[in-house]
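K.L.:
Here's a sequence, model it:
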Amino acid sequence: MADDVPVGIDLGTTNSVVAAYRDGAVTIVPDADGNYLHPSVVTFKPSGERLAGAAARLRRIVDPGNTIFSMKRLMGLPFESAEVQSALASLPYRVEAGPDGAPAVITRAGPTSVVELSSAVLGHLRDLSERHLGAPVRRCVITVPANFSDGQREATRRAAELAGLEVLRILNEPTAAALAYGLGKEIDSRVVVFDMGGGTFDVTLLAVRDDFFEVLSTGGDPFLGGDDVDRAIVAHLAELFLAQHRLDFRTDAKTLAIASVAAEHIKSKLSSAEVTSGSLKGLGVGVGGVPLGLDFELTRAQLEALVSPLVDRALIKCEEVLYEAGVGTDRVDEIMLVGGATRMPLVRRRVAELFGRPPLADLDPMVVVAHGAAVHAAALGATAPAPGEAPPPPMPILVDVTPHAIGIGTAGGYAEVLIEKNQPIPAERTQIYTTARDGQAEVMLKICQGSERQFAANAPLGEVKLEGLRPGNRGEIKVEVTFLVDSNGILQVSARDVDTGHVTRATLRAIAGEVR
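P.N.:
Residues are numbered from 1 along each chain as shown. Okay, the predicted model is just below:
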């Protein structure tokens, strides 16, 4: 057996989880204090030391400008995107456009890319795993939201590589959760995975038959999760403070950090209690330098009124996914809840109302994704077991789908869909392109995500540059271009000269600067 242990990693917006399959069972890796939820936080201390995980999270209030959290919401996106600009409104640290157009976080350590920050979290998870397992950790299955784009998946892969990890597969989080539920069991069910984490929401419908897992439809919202619940609570607290003191504490990074941490505690408390109260100190300075604070009381009913629109958005997405698959709620056998936000009673109640039955209650929504990823990592990385060793888990048959349509720009500002949404992956499409002028040496193709007729109405992914074309007259040179969405959900492009068979260089330059 290989001397390293493949692990499954759920790289979350708020917290991350890492797990390993050994001796026939899954182990969730804890830190030195026994905690299995590892904050996805990185901090840069004045001494120059970089910390990740729980130690970094402790510095969110004392050093908010140099303590980075919720970085997953910036992963693989261009700085100028609406999603990034929206996220910046609630972040106490400074973010600017990097040289490649991707977000760069500005700290005392200088500009740092989101990929580098995420690699610090992954490196911390690797260190924890090696200490707990007593063996090297070099390979992993890493999970991403099902609706992550090509650029976000590629950025995740790069972060893992920077952390010294070989990625055996990028696995969609709902698929990983379904593996934890059904692998190795005699099951024939339609399963909905309702995944609301810290920053993203996914819903996926799967058909599970023994060890065959087929995704029928998937969808979601990359900016819907527990962070948005926290923002709603912070906004409520800010209104109370504004009414009392005519000051908005959200304009200051430190006071915003204080309120944000308090909001997380309020959210957690109201998942088990009907009311919570407290006092926040140091939110501002009044006349004569008097420090200003806020005494508050919030009931579960008030919280549910604040966040009900967020749950409505999730349920609408859920209905859309079922509609795309042609499956009614009455034809769903099981509902799995995944992610920290699903611990809220409102979410559980509304999901149960939609499907007319309660969701599964025997799976921990916080660790189920890492559990499934660990099982798949063990299957992918398995070698023949030594005498007395437990055999590896069964290798599942996974049929996942494309979360978004992939299109290409055409004349007049229009777009043509190359690969449809919810098409099983690997998904492939080949097109032939010809030169438009004499002696043309290269061709540029614009790629987008979405199925709208107008190119501008879709999300731009990047450009494919075909270089080194042989000399010829206009229309004489024909290039066959193959677009492939691989098993990781990442777009690969290859090209060849139709007449000579010569392979043409095809470079995909993503919007956020990645070149491959």
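K.L.:
Skipping its backbone neighbours, what lies nearest R331 in space?
P.N.:
Leaving out its chain neighbours, the residue that sits closest to R331 by C-beta to C-beta, 6 or more residues apart in numbering is R190, at 6.2 Å. The way it works is simple: take the backbone N, C-alpha and C, and place the C-beta from them, glycine included.
K.L.:
So that neighbour belongs to a helix, correct?
P.N.:
No: R190 is assigned strand when assessed by DSSP: H, G, I helix; E, B strand; the rest coil, not a helix.
K.L.:
what's around it, how many residues?
P.N.:
By the measure other C-beta atoms under 10 Å, the count of residues near R190 is 17.
K.L.:
Do I have it right that it meets R209?
P.N.:
No: using C-beta atoms under 8 Å, R190 makes no contact with R209, being 10.0 Å away.
K.L.:
Tell me how far the helix or strand of the chain with the lowest mean pLDDT lies from the chain's centre.
P.N.:
When the helices and strands of the chain are compared on mean pLDDT, DSSP states H and E, strand 503-510 comes out lowest with a mean of 74. In terms of C-alpha atoms, centre = their mean, to the nearest Å, the centre of strand 503-510 is found 26 Å from the chain centre.
K.L.:
again, but for stretch 55-66
P.N.:
Using C-alpha atoms, centre = their mean, the offset of stretch 55-66 from its chain centre is 23 Å.
K.L.:
How about that stretch, which residues are buried there?
P.N.:
For stretch 55-66, a neighbour-count test (16 or more other C-beta atoms under 10 Å) marks 56-57, 59-61, 63-66 as buried.
K.L.:
Now intersect these with the helices, please.
P.N.:
Judged by DSSP state H, the subset of these located in helices is 56-57.
K.L.:
how about the buried residues of stretch 55-66, which pair is most distant?
P.N.:
Distance extremes for the buried residues of stretch 55-66: the farthest pair is R57 and G65 at 15.2 Å, using C-beta to C-beta.
K.L.:
Pretty sure P174 sits in a helix.
P.N.:
Yes: under three-state DSSP, P174 sits within a helix.
K.L.:
how close does it sit to A370?
P.N.:
P174 is 13 Å from A370, where distance means C-beta to C-beta, to the nearest Å.
K.L.:
Flag every buried residue along stretch 222-233.
P.N.:
222-233.
K.L.:
for stretch 153-168, that is, sorry about that
P.N.:
Using 16+ other C-beta under 10 Å as the burial criterion, the residues of stretch 153-168 that qualify are 153-160, 162-163, 165, 167-168.
K.L.:
again, but for stretch 410-424
P.N.:
Buried residues in stretch 410-424, counting neighbours by 16+ other C-beta under 10 Å, are found at 415, 417-419, 421-422.
K.L.:
can you tell me which of those are in helices?
P.N.:
Using DSSP H, no member of the buried residues of stretch 410-424 sits in helices.
K.L.:
Low-confidence regions, the protein specifically.
P.N.:
1-2, 383-389, 510-516 (pLDDT under 70).
K.L.:
how about the helices in it?
P.N.:
Here the chain has its helices, by DSSP H, at 54-57, 82-88, 114-133, 150-162, 173-182, 226-245, 253-269, 300-325, 345-355, 368-380.
K.L.:
Go through the ones you listed and name the closest to G472.
P.N.:
In terms of C-beta to C-beta, the element of the helices of the chain nearest to G472 is helix 150-162, at 31.7 Å.
K.L.:
Tell me what angle that closest one forms with helix 114-133.
P.N.:
When axes from the mean of the first three to the mean of the last three C-alpha atoms, to 10 degrees is applied, the directions of helix 150-162 and helix 114-133 differ by 50 degrees.
K.L.:
could we number from 48 for the rest of this?
P.N.:
In the new count, where the first residue is 48, that last one comes out as helix 197-209.
K.L.:
CA atoms only: put helix 197-209 into CSV for me.
P.N.:
Taking C-alpha atoms only, helix 197-209 is exported to CSV below (Å, rounded to 0.1, in the frame of the first residue of the first chain):
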residue,chain,number,x,y,z
ASP,A,197,-14.7,26.6,-14.8
GLY,A,198,-12.5,29.4,-13.4
GLN,A,199,-13.5,28.7,-9.8
ARG,A,200,-12.7,25.0,-10.2
GLU,A,201,-9.4,25.7,-11.8
ALA,A,202,-8.5,28.2,-9.1
THR,A,203,-9.3,25.5,-6.4
ARG,A,204,-7.1,23.0,-8.2
ARG,A,205,-4.2,25.5,-8.3
ALA,A,206,-4.6,26.3,-4.6
ALA,A,207,-4.4,22.6,-3.8
GLU,A,208,-1.2,22.2,-5.9
LEU,A,209,0.4,25.2,-4.1
